[in-house]
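In: Only the shape, not the letters, is given here:
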């Protein structure tokens, strides 16, 4: 039995789809979700749906009962994820899980990305647990730029503080397919550094959006302080604006540009 946690979210749901596409029978899958009533579409496929709330550890033993392999999809509540993930790992250990894969972040042990510390703490707890594991260190999701793309079509501008930095992104479906490959493999590696095959700049993105939408779109490179002011001036909360600018500064430094090729090797094809 394979249990996918966070299966109500985009990555978890796509992983269920990828497992089914690889021939895993629906009866061998469990979708562990916070709100089972919102996963009726998965139940209709024959996938067993169980409640698993990272903030309620008492729900986890039942969710993982009988599991041989587990995908722990990282939570999305920044600042709360370390105890949430720790609870899932502890429950998996108690349930006798044979292998746990965790969706971490690219180069979690060396990157300065603000999102990394919680992932690294989870990795350390997983190593200390004694569970056989695989770290799926996911790079950036292309979908992270969906709102920026939609706004650019209307406004004709993509602004950033990336200063020509490049991003080796891939869509969630590629990362999900890689997770499915690991969950169905006989002897997966302990660590995969996952990213797209090609790194692109925000200027490249602007050019692609212009070509697809058929409207002029340009990239406007701003100094970090000016970009932060522009974000807060448009109504973005100050804390969120600082985080976004910090991410752009890290992109400018090249921390999301690495293309080690692990993702395409797991997929058996180039990344999308």
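Out: Sure thing, it's come through. The structure presented is a predicted model; accordingly, all values stated were derived computationally and were not measured.
In: Need the nearest residue in space to residue 148, chain neighbours excluded.
Out: With Cβ to Cβ, 6 or more residues apart in numbering as the measure, residue 158 is the residue that lies nearest to residue 148, at 6.0 Å, once sequence neighbours are left out. The way it works is simple: take the backbone N, C-alpha and C, and place the C-beta from them, glycine included.
In: Poorly predicted segments of the stretch 101-250 of the chain, please.
Out: Applying pLDDT under 70 to the stretch 101-250 of the chain flags residues 187.
In: Would you map the helices across it?
Out: 116-129, 146-155, 172-183, 202-213, 224-233, 238-252 (DSSP state H, counting those that start in this stretch).
In: Any chance of CSV for those helices, columns distance to residue 98 and mean neighbour count?
Out: Output for the helices of the stretch 101-250 of the chain, formatted as CSV (distance: least, Cβ to Cβ, whole Å; neighbours: other Cβ atoms under 10 Å):
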stretch, distance to residue 98, mean neighbour count
helix 116-129, 13, 18
helix 146-155, 37, 14
helix 172-183, 11, 24
helix 202-213, 42, 17
helix 224-233, 46, 16
helix 238-252, 36, 17
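In: Just put those helices in JSON lines and tack on distance to residue 5.
Out: Conversion of the helices of the stretch 101-250 of the chain to JSON lines gives the following (distance: least, Cβ to Cβ, whole Å):
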{"stretch": "helix 116-129", "distance to residue 5": "13"}
{"stretch": "helix 146-155", "distance to residue 5": "24"}
{"stretch": "helix 172-183", "distance to residue 5": "11"}
{"stretch": "helix 202-213", "distance to residue 5": "32"}
{"stretch": "helix 224-233", "distance to residue 5": "33"}
{"stretch": "helix 238-252", "distance to residue 5": "25"}
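In: right, so of those helices, which gets closest to residue 163?
Out: Taking Cβ to Cβ as the measure, the helices of the stretch 101-250 of the chain were each checked against residue 163, and helix 238-252 came out nearest at 4.1 Å.
In: can you pull out the strands in this structure?
Out: Taking DSSP state E, the strands of the chain run over residues 2-5, 29-33, 48-51, 69-72, 99-105, 133-138, 157-160, 166-167, 191-194, 200-201, 218-221.
In: Tell me the neighbouring strands of the fifth one, and mark each as parallel or antiparallel.
Out: Looking back up the chat, that one is strand 99-105. In the sheet, strand 99-105 lines up against strand 69-72 (parallel), strand 133-138 (parallel) (DSSP bridges).
In: Tell me which of those strands sits most buried.
Out: Counting by mean count of other Cβ atoms under 10 Å, strand 69-72 has the highest mean neighbour count of these, with a mean of 26.
In: Show me how far it is from its chain's centre.
Out: How far strand 69-72 lies from its chain's middle: 14 Å, per Cα atoms, centre = their mean, to the nearest Å.
In: now that strand: mean pLDDT?
Out: Model confidence over strand 69-72, given as mean pLDDT, is 98.
In: The strands paired with strand 99-105 into a markdown table, with extra columns for distance to residue 94?
Out: Rendered in a markdown table, the data for those read as follows (distance: least, Cβ to Cβ, whole Å):
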| stretch | distance to residue 94 |
| --- | --- |
| strand 69-72 | 12 |
| strand 133-138 | 16 |
